[in-house]
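> build the 3D model from these lines:
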Amino acid sequence: MDIREKLPILKEISPRLVLGHIMRAGSISRADIARQTGLHRSTITRIVASLLEEGFVEESGEGDSGLGRRPVMLSLVAGAVHVVGIAIESTFVAGVLVDFNAQITERMEVPLRDASRDAVMADVYGVIDSLLERAQEREITVLGIGVAMHGIVNSHQGLSVFAPAIEWRNEPVAVNIESRYDLPVRMENNANAMALGESWFGNGQAVENILVVKVGSSIGSGVILGGRLFPGTDYSAGEIGHLTVLPGGPRCKCGNLGCLETVASIDAILKRGRELLKKGEAQSLMAFTGGDPNQLNFEKLCQATFARDPAALRLWEEVAAHLGLALSYTINILNPAKVLIGGDVFPVLDYILPKVRETVGIQVLQPLKSHLRLEPVGLGQDSVTIGAATLLLQDIFELPKSNGWDHV
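Okay, the predicted model is just below:
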């Protein structure tokens, strides 16, 4: 099912291109749209009239012309379209209801009760049901559902090919959701969804080549090349978590030794912290655990970090060094203009990024550093769910393309 079936006016590319220019500009005149798209002014007039009639755009005042008649400006009607974005993570399900501009109207999150297929899907349906009920209360029409999921995802068939945390293989998640709600459903890996959301609405806007890294209980990345998501031959591009950064290091669930995920994921850093506490090598951190090393969790480690506990800061410095090394390998191959980091680690990124930048500055080839920027994701802790919603929104807009390769 295609979301455009519910929006007949957008089946043709020209109205989507006009909407894309309005979305990117925020406010733009008919004349500027004609100039930027190359479409004839009479065509723009006809398309805009239809979009106004459908309630997708509105006239939003007059612009500055310098001389002569002031142009009438056009803007999106943010509430004209709403979609749901769902993130199925290893320990929780999160969901958002967003508008045309990917602004969040409703948000919710529930922990996974257990990893069985029925229990996970019951939690997913519960989040979707709640968001749809809230949309109904607001008299909002929802046009589709985007799903982002950890592991390997066949985005064309909507299959969870392999979700290691819950041991799913070839689960038809998108088909099940679509048949239950009779709405278009798009599905993608969570890091890829994050990358797409950042490319459209976050810190990757108007940048052709981006690497977006998601650091949580596992580590993955999404790759945007030439302005498009690059999934790889078998939907497995971006498995940065399985680059070897510590030869002979801890055994990874993939079977190899010293993968980035074994030393830089949240699970790995908590394991390392507990080991240090049991050895008596991080006594300052013990105050945040009530004296029990096994009580160290991510929330308490964050509290210690914000209090600038030296042991906590050393743990994050180790993470940053390993992450910076893996990023350097990847940057040397892909030559992105931006590297964006997010995921569950987002609250403590300020304590990680300096060392990451230092390592990248040493390891990356000099010519590749001239335009490189390394930043947090722009959509914060909602980046995956907004990315999931973007899977639907991208079918509504046709974005303007920059001339040549973008080095912003």
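> so what strands line up beside the lowest-mean-pLDDT helix or strand in the chain?
Scoring the helices and strands of the chain by mean pLDDT, DSSP states H and E places strand 57-62 at the bottom, with a mean of 88. Using DSSP bridges, strand 57-62 pairs in its sheet with strand 72-76 (antiparallel).
> in the partner strand, what's buried?
73, 74, 75, 76 (16 or more other CB atoms under 10 Å). C-beta here means a position set from N, CA and C on the backbone, and glycine is covered the same way.
> pretty sure the first one contacts residue 63?
Just to be clear, that refers to residue 73. Yes: here residue 73 reaches residue 63: they are 4.8 Å apart, a contact under CB atoms under 8 Å.
> and for those two, which residues touch both?
27, 29 (CB atoms under 8 Å, 6 or more residues apart in numbering).
> just the helices in this protein please.
Along the chain, counting by DSSP state H, helices occupy 13-25, 30-37, 41-54, 117-137, 173-181, 190-201, 260-264, 266-278, 283-286, 298-306, 310-334, 349-363, 383-393.
> could I get the ones you listed as a markdown table with mean neighbour count?
Formatted as a markdown table, the helices of the chain follow (neighbours: other CB atoms under 10 Å):
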| stretch | mean neighbour count |
| --- | --- |
| helix 13-25 | 20 |
| helix 30-37 | 17 |
| helix 41-54 | 15 |
| helix 117-137 | 16 |
| helix 173-181 | 18 |
| helix 190-201 | 29 |
| helix 260-264 | 27 |
| helix 266-278 | 18 |
| helix 283-286 | 17 |
| helix 298-306 | 17 |
| helix 310-334 | 20 |
| helix 349-363 | 17 |
| helix 383-393 | 31 |
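> turn these into a markdown table, including distance to residue 3 and mean pLDDT.
Formatted as a markdown table, the helices of the chain follow (distance: least, CB to CB, whole Å; pLDDT from 0 to 100):
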| stretch | distance to residue 3 | mean pLDDT |
| --- | --- | --- |
| helix 13-25 | 11 | 92 |
| helix 30-37 | 22 | 93 |
| helix 41-54 | 14 | 95 |
| helix 117-137 | 15 | 96 |
| helix 173-181 | 11 | 96 |
| helix 190-201 | 15 | 96 |
| helix 260-264 | 35 | 96 |
| helix 266-278 | 34 | 96 |
| helix 283-286 | 49 | 92 |
| helix 298-306 | 36 | 97 |
| helix 310-334 | 31 | 97 |
| helix 349-363 | 33 | 96 |
| helix 383-393 | 5 | 97 |
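> any chance of JSON lines for those helices, columns distance to residue 158?
Shown next, in JSON lines, are the helices of the chain (distance: least, CB to CB, whole Å):
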{"stretch": "helix 13-25", "distance to residue 158": "23"}
{"stretch": "helix 30-37", "distance to residue 158": "32"}
{"stretch": "helix 41-54", "distance to residue 158": "28"}
{"stretch": "helix 117-137", "distance to residue 158": "13"}
{"stretch": "helix 173-181", "distance to residue 158": "2"}
{"stretch": "helix 190-201", "distance to residue 158": "13"}
{"stretch": "helix 260-264", "distance to residue 158": "26"}
{"stretch": "helix 266-278", "distance to residue 158": "28"}
{"stretch": "helix 283-286", "distance to residue 158": "43"}
{"stretch": "helix 298-306", "distance to residue 158": "31"}
{"stretch": "helix 310-334", "distance to residue 158": "27"}
{"stretch": "helix 349-363", "distance to residue 158": "32"}
{"stretch": "helix 383-393", "distance to residue 158": "10"}
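> out of those, which comes closest to residue 234?
helix 190-201 (13.2 Å; CB to CB).
> now do the contacts for the residue nearest the centre of the chain.
The centre of the chain sits closest to residue 194, judged by CA atoms, centre = their mean, with a distance of 1.3 Å. Neighbour list for residue 194: 148, 212, 214, 222, 342, 343, 377, 379, 383, 384, 387 [criterion: CB under 8 Å, 6+ apart].
> tell me which of those residues fall in strands.
148, 212, 214, 222, 342 (DSSP state E).
> got those residues as JSON lines, with pLDDT and neighbour count columns?
Formatted as JSON lines, the ones in strands among the contacts of residue 194 follow (pLDDT from 0 to 100; neighbours: other CB atoms under 10 Å):
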{"residue": "148", "pLDDT": "97", "neighbour count": "32"}
{"residue": "212", "pLDDT": "98", "neighbour count": "33"}
{"residue": "214", "pLDDT": "97", "neighbour count": "33"}
{"residue": "222", "pLDDT": "97", "neighbour count": "30"}
{"residue": "342", "pLDDT": "97", "neighbour count": "30"}
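> could I get the residues you listed in CSV, plus columns for distance to residue 33?
Converted to CSV, the ones in strands among the contacts of residue 194 look like this (distance: CB to CB, whole Å):
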residue, distance to residue 33
148, 32
212, 30
214, 35
222, 30
342, 33
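> kindly indicate which of those lies nearest residue 231.
Nearest member of the ones in strands among the contacts of residue 194 to residue 231, counting by CB to CB, is residue 222, at 9.1 Å.
> surely the closest one meets residue 191?
Yes: at 4.4 Å, residue 222 counts as touching residue 191 under the criterion of CB under 8 Å.
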